[in-house]
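Participant: Provided below are the primary sequence and the corresponding predicted coordinates.
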Amino acid sequence: MSDRLWPMHFEIIPTPKPRTPKQNAQEAQTPTEAPATATTTAATTATTTAATTATTTAATTATRTTTKKGKAKGRALPLERWHKRLGHLNYADVKQLATNSSQIKLANNKELFCESCAYGKQHAIPNHEPQTRAEAIFDLIHVDLGGGKNSLPKTNSRMLTFDDDIPPTPKGAKYFMIITDDYSRHRWFFALKRKSDAAKRLEEWVTMIQTQFHKTPKRIRTDCGKEWLNKALSKFATKKGIQWEPTAPYSQNQDGVAERSNRTIVSRGRTMLLTAPGLSKALWEEAIATSIYLTNRSPTKALPKGKTPHEMLYGTVPRYRHIKTFGCAAYALKPHAKEEGKLAPRSEKQWLLGYEATTIFRL
């Protein structure tokens, strides 16, 4: 061990002052109150924080919900989508609804082709353009057929219809053909046993016109029935220089003159036959023929004021004194009455069925 002495440093620690009993009592109370205050403060802070968080979360959720609802109500859809939702409503009305209602919003106005509408809603578009009138007689001829089971509507047992319980005419005719001149509106009537007879009767009519009026029809308009579109009639038209004008299927408006002519003629014939007492429905040929005869002598809106088809075709005013009521009683002179005896009746009671000329009647 060395004898050298090492220096030592010592700090002087102050001696604590003695505490009084009062200070000891205060120090004993302070540690007890401090934790309670801290706990209360922490609880209040936690409660406030939780309430604030809950309020913020609720507000955020409400904002999101409101935003979603607003987006759902204000969502714009294409025009085609609303067209389908509204039961394939036409595009113009869908746009009108979008203008009037805030619940329908359109993303675009593109009117796309809808194939379903083409299959389910297609219809023929009527032609409202006035047809060109012929400038002279026999420039344009309208021909149409009638008769059969579907010629006239069934309403009651007395109606003039062509069904199984109504016999054909005494000559066996079940169909009829009406020819109308476009310029004069004069009409000709022919009764037919079969539809296939129409072509032959039309050829005979053309020959009659060439003989009586020295003219050949320039154009003939018919429907697209097989009785018209055949090689024999096509060859006849080519030989005579006649232009054939068949209409499109199910397009009655393309030959409105023939359709209206048939309706006018048949309705008048039906009315006359119904009002004639005791006449059989089998006499429909006589009723329609008489209707044609009287229509040719009646004014029509298609002609100049006061003109009749007879006057437009023949250039003379028709006579009317010989015209009687269809179906009225007529007393015909019996040509061989003397052979039956001096006291035998000289006439026979019959019924008027039509006219052959101004002095010749059909009984």
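Facilitator: Good, I have the coordinates.
Participant: any low-confidence regions in the stretch 251-363 of the chain?
Facilitator: 252-253, 337-338, 341 (pLDDT under 70).
Participant: And the helices in it, which stretches?
Facilitator: According to DSSP state H, counting those that start in this stretch, the stretch 251-363 of the chain carries its helices in the segments 256-275, 284-295, 309-314.
Participant: what sits up against the longest one?
Facilitator: Around helix 256-275, the neighbours that count as contacts under C-beta atoms under 8 Å, 6 or more residues apart in numbering are 131, 142-144, 146, 151-152, 158-160, 178, 180, 182, 185, 187, 189, 221, 252, 279, 281, 283-284, 287-288, 290-292, 294-295, 326-327. Any C-beta I mention is one placed from the backbone N, CA and C, and that applies to glycine too.
Participant: rerun that using 7 Å as the cut-off
Facilitator: Among residues not part of helix 256-275, those counted as contacts by C-beta atoms under 7 Å, 6 or more residues apart in numbering are 142-144, 146, 152, 158, 160, 178, 180, 182, 187, 252, 279, 283-284, 287-288, 290-292, 295, 326-327.
Participant: The shortest one now?
Facilitator: With contacts defined as C-beta under 7 Å, 6+ apart, helix 309-314 is touched by 137, 181, 184, 185, 186, 296, 297, 303, 317, 318.
Participant: Return the member of those residues nearest to residue 85.
Facilitator: Top of the list for closeness to residue 85, among these and by C-beta to C-beta, is residue 185 at 52.7 Å.
Participant: just the helices of the stretch 251-363 of the chain: most buried one?
Facilitator: helix 284-295 (a mean of 23; mean count of other C-beta atoms under 10 Å).
Participant: list the buried ones in stretch 241-261?
Facilitator: For stretch 241-261, the neighbour count (16 or more other C-beta atoms under 10 Å) marks 242, 247, 255, 257, 258, 261 as buried.
Participant: can you redo those residues as TSV with distance to residue 351?
Facilitator: Below are the buried residues of stretch 241-261 laid out as TSV (distance: C-beta to C-beta, whole Å):
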residue	distance to residue 351
242	41
247	39
255	36
257	33
258	31
261	27
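Participant: quick one: which of those is nearest residue 97?
Facilitator: The nearest member of the buried residues of stretch 241-261 to residue 97, counting by C-beta to C-beta, is residue 247 at 39.7 Å.
Participant: close enough to count as contact, that closest one and residue 228?
Facilitator: No - with contact defined as C-beta atoms under 7 Å, residue 247 does not count as touching residue 228 (10.2 Å).
Participant: sorry, back to before: closest one to residue 85 among the helices of the stretch 251-363 of the chain?
Facilitator: helix 256-275 (40.3 Å).
Participant: quick one: that closest one to helix 284-295, angle?
Facilitator: Relative orientation of helix 256-275 versus helix 284-295 (axes from the mean of the first three to the mean of the last three C-alpha atoms, to 10 degrees): 120 degrees.
Participant: contacting residues for the closest residue to residue 340 other than its chain neighbours?
Facilitator: Spatial nearest neighbour of residue 340, chain neighbours left out: residue 334 (7.9 Å); criterion: C-beta to C-beta, 6 or more residues apart in numbering. By C-beta under 7 Å, 6+ apart, the contact set of residue 334 is 346, 347, 348.
Participant: 8 Å - rerun?
Facilitator: So residue 334 contacts 340, 345, 346, 347, 348 (C-beta under 8 Å, 6+ apart).
Participant: From residue 117, how far out is the residue positioned nearest the centre of the chain?
Facilitator: Nearest to the mean C-alpha position of the chain, counting by C-alpha atoms, centre = their mean, stands residue 123 at 5.8 Å. With distances taken as C-beta to C-beta, to the nearest Å, residue 123 is found 11 Å from residue 117.
Participant: repeat for residue 281
Facilitator: 46 Å.
Participant: Looking only at neighbour counts, state which of those two leads.
Facilitator: For residue 281 versus residue 117, neighbours defined as other C-beta atoms under 10 Å are more numerous around residue 281 (19 against 14).
Participant: what about the strands in the protein?
Facilitator: Along the chain, the segments classed as strands by DSSP state E run 140-147, 175-181, 187-192, 219-222, 243-246, 329-333, 347-351, 354-357, 360-362.
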